[in-house]
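Any chance you can model this:
(one chain, ligands or ions: 1)
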Amino acid sequence: MQVGIDKIGFFTSNYFLDMVDLANARGEDPDKYLIGIGQKKQAVIPPTQDVVTMAANAADKILTDDDKASIDMVIFGTETGVDNSKSAAIYVQSLLGISSSARSFEIKQACYGGTAGVQMAADHIATHPESKVLVLAADIARYGIGTPGEVTQGGGAVAMLLSANPQILILDDQSAFHSENIMDFWRPFYQREAIVDGHYSTNIYIDFFNKTFKDYCEKYQRQLSDFSALIYHLPFTKMGLKALRTVIDDGQHSAKLLKEFDYSKQYNALVGNLYTGSLYLSLLSLLANSVDLQVGDRIGLFSYGSGAQGEFYSGTVSDGMKSSLLAAHMDDLLDDRIRLSVPEYEEMYANGLPMMGGDVTFNFADDSSRFVLFGRKADQLV
Ligand code: CAA
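Numbers count the residues shown, from 1 in each chain. You can find the predicted model right below:
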């Protein structure tokens, strides 16, 4: 039986900050952000959205009533959850009207949480072929005004429906992982912003990629030429490129991998980091934009969560995958966003989440998403 990703949906805020504006405001050369870091825009999350509403908005776009009745597990991967006790999954289950016979829970290991959910879902479906699992990966990446990490902020949610006979990506059930206790990035309870040593984190990430890729190739007798594309968790797009460069050479196949990597980073460069969802936004980007990818092509996926956990696994493109549908879904979201000036972004950043005690001077009527935190919607959370 084939198991994998049957549907994939995305949501992010309709506000963004242009990286040229940010570079100018911070006295940096714009090329440092555009080329050196590899980011063009970043999503700015308004006080009407948190990980629950963003995940509900992402899943709402892909689920039919039949799906909602068949889902028997909802897994929510996040590192910016809204409660230390109650899971974000329960809120989404109820907002979307998903069957109450489902198991719903949240999991955490930094940016690795989405992949932990995908693997758990695949194992569950392998023994319960009739079931469908909703995996949600949503986060808000905050580093602080004027910090080196500011250019790598962002936010959003990816929702994936996993099932037997999937339409998008068939998982190979082949995977290698590595974990070690490392302090490269963390966020203690008393902090809203992450503590990060970005250069150290990048080195660990590359090291974990090399370890897991090598281990995977040895375990399953595979080599670079078996992959049509390698995709990465992308806190900023240059980070994935650095890892890719460690395994390619000047040959033709490497040129192909670089080209596919270019497709896989397009949406991430426009949204910024969304932690748990970042690898899956990159998957969406590859599938929606690549002009060469064929049914049956093998994709290698590298997932990384600081602290740290790495996993390299693989899947093949299913014959039900429709790039034009995925591209239309993304264009709808990304084409009409509102560009904030740097002072407007700083004000929204300072307001932050009203649930966390920020002063709110935001016009809630400006958020027309179906699920919002406060405001005029019938489906509002609070
Ligand atoms: N033109 C072109 N390129 C330029 C340039 C210019 N004018 N000026 C500088 N550059 C290049 C530099 O050469 C450098 O390139 P290389 O890395 O290829 O050498 C690049 O721009 C960045 O320059 P710096 O290293 O000097 O930049 P910095 O010190 O300001 O910091 C950063 C960059 C370390 C990425 C910083 O932004 C940061 O700490 N970001 C957050 C880190 C992060 O996201 N870590 C990921 C952790 S994983 C994750 O997502 C978390 C999780 O699991 C929860």
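
CA only for contacts and neighbour counts going forward, please
Fine.

quick one: Leu287 from Gln42, how far?
21 Å (CA to CA, to the nearest Å).

again, but for Thr246
27 Å.

Those two: which is more packed in?
Per other CA atoms under 10 Å, whichever of Thr246 and Gln42 has more neighbours is Gln42, with 26 against 12.

and that one, what does it touch?
16-19, 151-155, 269-273 (CA atoms under 8 Å, 6 or more residues apart in numbering).

what about Lys238, which SS state?
helix (DSSP: H, G, I helix; E, B strand; the rest coil).

Now do the contacts for the residue in the stretch 151-300 of the chain positioned nearest to the ligand.
Nearest residue of the stretch 151-300 of the chain to the ligand (CA to the nearest ligand atom) works out as Gly198 at 3.3 Å. Under the criterion of CA under 8 Å, 6+ apart, the neighbours of Gly198 are Gly149, Asp184, Phe185.

okay, now the domains of this protein?
Following automatic domain parsing, one finds the domains of the chain at 3-168+323-366, 170-317.

What does Tyr143 show for phi and psi?
phi -120, psi -20 (degrees, to the nearest 10).

Tell me where the model's unsure across the stretch 251-382 of the chain.
Within the stretch 251-382 of the chain, the ranges that satisfy pLDDT under 70 run 351-364, 374-382.

Within range of the ligand, give me the residues from it.
Neighbours of the ligand within the stretch 251-382 of the chain, by CA under 6 Å from any ligand atom: Tyr275, Gly305, Ser306.

Serialize the residues you listed to a markdown table and add fields for secondary structure and neighbour count.
What follows is these, written out as a markdown table (DSSP: H, G, I helix; E, B strand; the rest coil; neighbours: other CA atoms under 10 Å):
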| residue | secondary structure | neighbour count |
| --- | --- | --- |
| Tyr275 | helix | 33 |
| Gly305 | strand | 24 |
| Ser306 | coil | 24 |
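
so where do the helices sit in the stretch 51-200 of the chain?
All helices of the stretch 51-200 of the chain, identified by DSSP state H, counting those that start in this stretch, fall at 51-60, 65-70, 88-96, 113-127, 198-220.

Need the winner for burial among those helices.
helix 51-60 (a mean of 27; mean count of other CA atoms under 10 Å).

what about Met321, helix or strand, and which?
Met321 is part of no helix or strand when elements are defined by DSSP states H and E.

tell me the contacts of the residue nearest to it when sequence neighbours are not counted?
In space, and not counting its chain neighbours, Met321 is closest to Ile168: 4.6 Å by CA to CA, 6 or more residues apart in numbering. Neighbour list for Ile168: Gly4, Ile5, Asp6, Lys7, Val317, Ser318, Asp319, Gly320, Met321, Lys322 [criterion: CA under 8 Å, 6+ apart].
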